[in-house]
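Novice: Have a look; sequence and predicted model below, questions after that.
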Amino acid sequence: MIKKVYDVKKSKEIIILKLGGGLITDKNKPFSLREEVIENSVHQIIRSKKKVIVIHGGGSFGHPTAQEYQINKGKDPSIANQIYGLTKTHDVMVKLNSIIIEKFLKQNVASLSIQTSSIFVKDSSKDLFSCNFEPIIRCLSLGIIPVIYGDIVFDLQGDFSILSGDKIILLLCQYLKEFFISKVIFAVEVEGIFIYNKDMDIIELAEEIKCSKLDSLPLANLDKKIDVTGGIKGKLDNIHSICKLGIPVQLINGKDEEKIYKCLINKEVKGTSITI
Ligand code: IPE
């Protein structure tokens, strides 16, 4: 029996949830998975019965491969085997994505892989992306959970680059007008955003941040893990743009047993809330 997770006709409300690459994998060890975390996250999404678009990052799959072939530099014939590396980067992301899809299917829930590099195309001459949103919209209207991921992206100018999960979320928030996106949740491997409190000389969790203050945060969690898509700084830039669209953002620790579930059903959880 296929489980019906949400009522497709009930509302236009959707929540976008990102499972960070650093949550679902261990970014310090290439190709390491956190299977239990993935399984538990999937379980919580199903339990919430919310209409969710799931996005996931590259973690220890996408980032080391993209870095090895310097995909984010764009086309560069001086980089050995770069075109092979481009396809390899996509392939490792497909493998990671299929593990997540399998977890949904194992629980008899319909979920579908949406291949980023097939629906998004960049035009760097205009600094624009075009996207065929139709597969995502169709999934949602059929009660399927779409699962999208950070991936390589082709450029109309003959080039290519990486499209991060965070940027995909921003593009969905900007252009998916058929739905009301009530919030964006980033499930990560830490409690949220940590800042340096100068007066007390301590590092503390920022539980609430006003969108307008995002640019001037005294950030404390600037880690040095491999990240080809801008790390925490890149994440905050995207979050800033999402909030400017009037959509609240929450960062929570996805390793916690129940936080994803609670956050999806709007229960209070400890983390970082970015308010409009
Ligand atoms: C990166 O996506 C995708 C590739 C490197 C191919 P993200 O930038 O969203 O990944 P995480 O969440 O930081 O790992």
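Specialist: On my side now, so go ahead. Residues are numbered from 1 along each chain as shown.
Novice: going forward, measure contacts between C-alpha atoms and count neighbours the same way
Specialist: Will do.
Novice: Quick one: name the residues of this protein near the ligand.
Specialist: Taking CA under 6 Å from any ligand atom as the measure of proximity, the chain contacts the ligand at 20-22, 57-59, 62-63, 66, 89, 150-152, 162, 164-166, 229.
Novice: Return the subset of the residues you listed lying in strands.
Specialist: Those of the residues of the chain next to the ligand mapping onto strands are 151, 152, 162, per DSSP state E.
Novice: List the buried residues of stretch 19-30.
Specialist: 19, 20, 21, 22, 23, 24, 25, 26, 27, 30 (16 or more other CA atoms under 10 Å).
Novice: swap in stretch 80-94?
Specialist: 82, 83, 85, 86, 88, 89, 90, 91, 92, 93, 94.
Novice: Next, format the residues you listed as CSV and append distance to residue 240.
Specialist: Output for the buried residues of stretch 80-94, formatted as CSV (distance: CA to CA, whole Å):
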residue, distance to residue 240
82, 33
83, 33
85, 32
86, 29
88, 32
89, 28
90, 28
91, 31
92, 29
93, 26
94, 29
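Novice: wait, which of those is closest to residue 214?
Specialist: Nearest to residue 214 among those: residue 93, at 30.0 Å, using CA to CA.
Novice: Look up how far residue 35 lies from the closest one.
Specialist: For residue 93, the distance to residue 35 equals 15 Å [CA to CA, to the nearest Å].
Novice: what do you get for residue 12?
Specialist: Counting by CA to CA - residue 12 and residue 35 are separated by 32 Å.
Novice: can you check residue 103 too?
Specialist: Noted for residue 103: a distance of 9 Å to residue 35, by CA to CA.
Novice: what do you get for residue 92?
Specialist: For residue 92 relative to residue 35 (CA to CA), the value is 16 Å.
Novice: same check, this time on residue 22
Specialist: From residue 22 across to residue 35, the span is 13 Å (CA to CA).
Novice: Let me see the ranges of the helices in the stretch 101-250 of the chain.
Specialist: For the stretch 101-250 of the chain, the helices defined by DSSP state H, counting those that start in this stretch cover 116-119, 134-141, 165-175, 231-244.
Novice: Could you single out the most deeply buried of those?
Specialist: Neighbour counts (mean count of other CA atoms under 10 Å) averaged over each of the helices of the stretch 101-250 of the chain peak at helix 165-175, with a mean of 20.
Novice: List phi and psi for residue 246.
Specialist: With angles defined as degrees, to the nearest 10, residue 246 sits at phi 90, psi 20.
Novice: check contacts around residue 145.
Specialist: Residue 145 makes contacts with 51, 52, 53, 54, 110, 111, 112, 139, as judged by CA atoms under 8 Å, 6 or more residues apart in numbering.
Novice: rerun at 7 Å
Specialist: 52, 53, 110, 111, 112, 139 (CA atoms under 7 Å, 6 or more residues apart in numbering).
Novice: Strands - which of these land there?
Specialist: Using DSSP E, those in strands are 52, 53, 111, 112.
Novice: List the buried residues for stretch 55-68?
Specialist: 55-67.
Novice: can you name the two of those that are farthest apart?
Specialist: Longest span within the buried residues of stretch 55-68, CA to CA: 55 and 67, 21.0 Å.
Novice: how near is residue 149 to residue 265?
Specialist: Using CA to CA, we find residue 149 at a distance of 23 Å from residue 265.
Novice: Looking at the two, which one has more neighbours?
Specialist: Set residue 149 next to residue 265 and count neighbours by other CA atoms under 10 Å: residue 149 wins out with 29 against 14.
Novice: if you count what's nearby, which of residue 103 and residue 35 comes out ahead?
Specialist: A count of neighbours by other CA under 10 Å puts residue 103 above the other of residue 103 and residue 35, at 19 against 14.
Novice: For the nearest residue to the more buried one once chain neighbours are set aside, which three-state class applies?
Specialist: Nearest residue to residue 103 in three dimensions, chain neighbours excluded: residue 39, at 6.1 Å (CA to CA, 6 or more residues apart in numbering). Here residue 39 is recorded as helix under DSSP: H, G, I helix; E, B strand; the rest coil.
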